[in-house]
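Participant: Let's see this in three dimensions:
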Amino acid sequence: MSNAARRRQPAPPRTPGWGRLLGFALAEGYLVLMATLAAFALLPVLFGWHATVIQTGSMEPHISPGDVAVVSPWAMTDPVPLGGVVQYRSPAAAEPSGIERLRLHRIVEARDDGTFTTAGDANQDVDSSALERQQITGQARLLVPFIGLPGFWLATGKTIPLVGWLLITIAALVLVSRGPGQGRTPHTDAEGPARSEAEDFEEPPSTTPARRAVVAVVGLVAAGVILGTRVSPSTAAFTASTRTRSSWGVASLPVLTLGRAATYVLLAHGNIQHDPLLAIGTDITGNVATSPGTRIDGFWPWDITGSSDKNTTGAHNAKIDVLSLYSALEKYPTTVTRAPVLAGTLTPGVYTSSTGRFTVNGTLTLDARGDPSARFIFRAGTIITAENSTIVLTRGARAENVYWRSTGAVTLGPSSTARGTFLANTDAAIQSRATLVGRLYSCAGSISVTRATISTPA
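Facilitator: Sure thing, here's the model as predicted:
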């Protein structure tokens, strides 16, 4: 081939090097990630929530200064989320600095005087000052890592990391705006003018100028938002796990609801059997159901004011909601571990037996301290109300907010008076002359009734 012919041949294509392609991809990913985190931190404001920057490193490696917690509003009429993480105003008298500040800590206990005990998850000891309801400003819902660091550095005068972040961000913006590089050397021809690189190079769709411009603008806006936004600071312990207490999720705890089971006072996986003395003495106000069981035996027509649903669609749907409630009750972190005998006065909380058994003996008073939304949750392997025992609700306590969850059986003893929703994993029994104001459900067993009085809460 002659030299003239060689000169007429176009130069071979030249694609960008792997280094430039990798740099472009990393820069683009960095800007997109930064924009995503900024959106997670700031978009909840549209729904009335607010963000707060964590100021301390007491929770490292789980949390670091500069992380942003998203907090939902809280009103005095809202139930206090025992086991949840709340933002509250710590008074100057409780702070070593003598200056009032916001804190994010977990509520670990309800006190008899109406106040609450808080603690940081990494701390071995609880906070020295009690928390009052009026101090609470919100409940923590979401943790967004890293996003508040630039503002934190700027506010605290830490110029070296701030300058480093600015240089990285500027470099990413430049790389994205320029693209991964040119595609081909210019074509020269002895018989015609040289063609430019732009005429020979076709960019892949993923690196087109329009896409690069969008990513660069989004990254620039995100950087400005991150650096310029001022959100309230909090001293906090806010993690997904803890050395000393139960784990928790950044989302809120599941809602406790009876759902479609609300109209049923008795519901069993297997059968419901009535064992009357001379076929008299039982009074049930409400509906009863079995699913998938199909037997409800031993009742006179006047014993049950409502329907008796034997594996109907309604019973099946109610059973699904009972299982959901049973599962939801397990997710609430324990606030108090108690000895197996329950008596005296208890305040709202989540109670777990130290031995796997709870027995109500004598009179058990559940005191809501004026809060009608206060919850009482009892969890054990076996739950029994002893003969002649009584559960009393006082100062706003309501049977709808009292839950008894057993991984085994539930037995309501002779002549006992029980209140609340009882959920047994296996069999359940209501013995002679017992009274239940509430509901009794068996998730995987049967229910036996003997001359009992059962009604839904008024």
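
Participant: residues of stretch 383-403 that come out buried?
Facilitator: 383-386, 389-391, 393, 397-403 (16 or more other CB atoms under 10 Å). Bear in mind the C-beta positions are built from the backbone N, C-alpha and C, glycine included.

Participant: er, stretch 358-369 I mean
Facilitator: 358, 359, 360, 361, 364, 365, 366, 367, 368, 369.

Participant: Go through these and say which is closest to residue 375.
Facilitator: Proximity of these to residue 375 (CB to CB) peaks at residue 368, which lies at 9.0 Å.

Participant: Distance of the closest one relative to residue 281?
Facilitator: 33 Å (CB to CB, to the nearest Å).

Participant: for residue 296, same thing?
Facilitator: 17 Å.

Participant: Between the two, tell me which one has more neighbours.
Facilitator: residue 296 (20 against 15; other CB atoms under 10 Å).

Participant: Ranking helices and strands of the chain by mean pLDDT, which lands last?
Facilitator: helix 197-200 (a mean of 43; mean pLDDT, DSSP states H and E).

Participant: Helix, strand, or coil at residue 383?
Facilitator: Here residue 383 is recorded as strand under DSSP: H, G, I helix; E, B strand; the rest coil.

Participant: Now for it: which residues touch it?
Facilitator: 357, 358, 359, 404, 406, 409, 410, 411, 422, 424 (CB atoms under 8 Å, 6 or more residues apart in numbering).

Participant: beta partners of it?
Facilitator: residue 358, residue 410 (DSSP bridges).

Participant: Can you tell me how far it is from residue 430?
Facilitator: Residue 383 is 13 Å from residue 430, by CB to CB.

Participant: ditto for residue 143
Facilitator: For residue 143 relative to residue 430 (CB to CB), the value is 46 Å.

Participant: buried sites along stretch 265-278?
Facilitator: Applying 16+ other CB under 10 Å to stretch 265-278 flags 265, 266, 267, 268, 269, 270, 271, 272, 273, 274, 276 as buried.

Participant: picking up where we left off before, in strands, which of the buried residues of stretch 383-403 appear?
Facilitator: 383, 384, 385, 390, 391, 393, 402, 403 (DSSP state E).

Participant: Tell me who's in contact with the closest residue to the fourth one other than its chain neighbours.
Facilitator: In other words, residue 390. Spatial nearest neighbour of residue 390, excluding adjacent residues (CB to CB, 6 or more residues apart in numbering): residue 417 at 4.5 Å. Neighbouring residues of residue 417 by CB under 8 Å, 6+ apart: 385, 389, 390, 391, 434, 435, 437.

Participant: I'd assumed residue 363 was in contact with the second one.
Facilitator: In other words, residue 389. Yes: using CB atoms under 8 Å, residue 389 makes contact with residue 363 at a distance of 7.3 Å.

Participant: Tell me the pLDDT of residue 416.
Facilitator: Note for residue 416: predicted pLDDT of 97.

Participant: Repeat that for the one 3 residues further on.
Facilitator: On pLDDT, residue 419 comes in at 98.

Participant: Which strand residues bridge it?
Facilitator: residue 437.

Participant: ok, it - how many residues close by?
Facilitator: Residue 419 has 24 nearby residues by other CB under 10 Å.

Participant: where's residue 423 relative to residue 274, distance?
Facilitator: 21 Å.

Participant: The residue nearest to residue 281 when sequence neighbours are not counted: which element?
Facilitator: Leaving aside its chain neighbours, residue 281 sits nearest to residue 451 (3.5 Å; criterion: CB to CB, 6+ apart). Secondary structure from DSSP states H and E places residue 451 outside every helix and strand.

Participant: Any idea how many residues pack against residue 451?
Facilitator: Counted with other CB under 10 Å, residue 451 comes out at 19.

Participant: my guess is it meets residue 283, correct?
Facilitator: No: at 9.4 Å, residue 451 does not count as touching residue 283 under the criterion of CB under 8 Å.

Participant: picking up where we left off before, Throw the buried residues of stretch 358-369 into JSON lines and include distance to residue 347 and pLDDT, thanks.
Facilitator: Shown next, in JSON lines, are those (distance: CB to CB, whole Å; pLDDT from 0 to 100):
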{"residue": "358", "distance to residue 347": "16", "pLDDT": "97"}
{"residue": "359", "distance to residue 347": "20", "pLDDT": "97"}
{"residue": "360", "distance to residue 347": "16", "pLDDT": "97"}
{"residue": "361", "distance to residue 347": "19", "pLDDT": "95"}
{"residue": "364", "distance to residue 347": "12", "pLDDT": "97"}
{"residue": "365", "distance to residue 347": "10", "pLDDT": "97"}
{"residue": "366", "distance to residue 347": "8", "pLDDT": "97"}
{"residue": "367", "distance to residue 347": "6", "pLDDT": "95"}
{"residue": "368", "distance to residue 347": "8", "pLDDT": "92"}
{"residue": "369", "distance to residue 347": "6", "pLDDT": "90"}
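
Participant: Which two among the residues you listed are spaced furthest apart?
Facilitator: Among these, 359 and 369 lie farthest apart (CB to CB), at 24.8 Å.

Participant: among the buried residues of stretch 358-369, which are in strands?
Facilitator: Going by DSSP E, the strands hold 358, 359, 360, 361, 364, 365, 366, 367 from the buried residues of stretch 358-369.

Participant: Specify the beta-bridge partners of the last one.
Facilitator: Which is residue 367. Applying DSSP bridges, one finds that residue 367 bridges with residue 394.

Participant: can you pull the contacts of it?
Facilitator: 345, 346, 347, 394, 395, 397.

Participant: Phi and psi next, for the fifth one.
Facilitator: Main-chain dihedrals, residue 395, degrees, to the nearest 10: phi 50, psi 50.

Participant: Verify the stated contact: residue 256 with residue 375.
Facilitator: Yes: the criterion here is CB under 8 Å, and residue 256 meets it with residue 375 at 7.1 Å.

Participant: intersection of neighbour lists for the two?
Facilitator: residue 403.

Participant: Which one's more surrounded, these two?
Facilitator: Neighbour count, other CB under 10 Å: between residue 256 and residue 375, residue 375 has more, with 23 against 17.

Participant: For the stretch 201-350 of the chain, just list every one of the strands.
Facilitator: In the stretch 201-350 of the chain, the strands defined using DSSP state E, counting those that start in this stretch lie at 232-236, 264-268, 272-274, 283-285, 287-290, 296-297, 308-310, 336-338, 341-346, 349-353.
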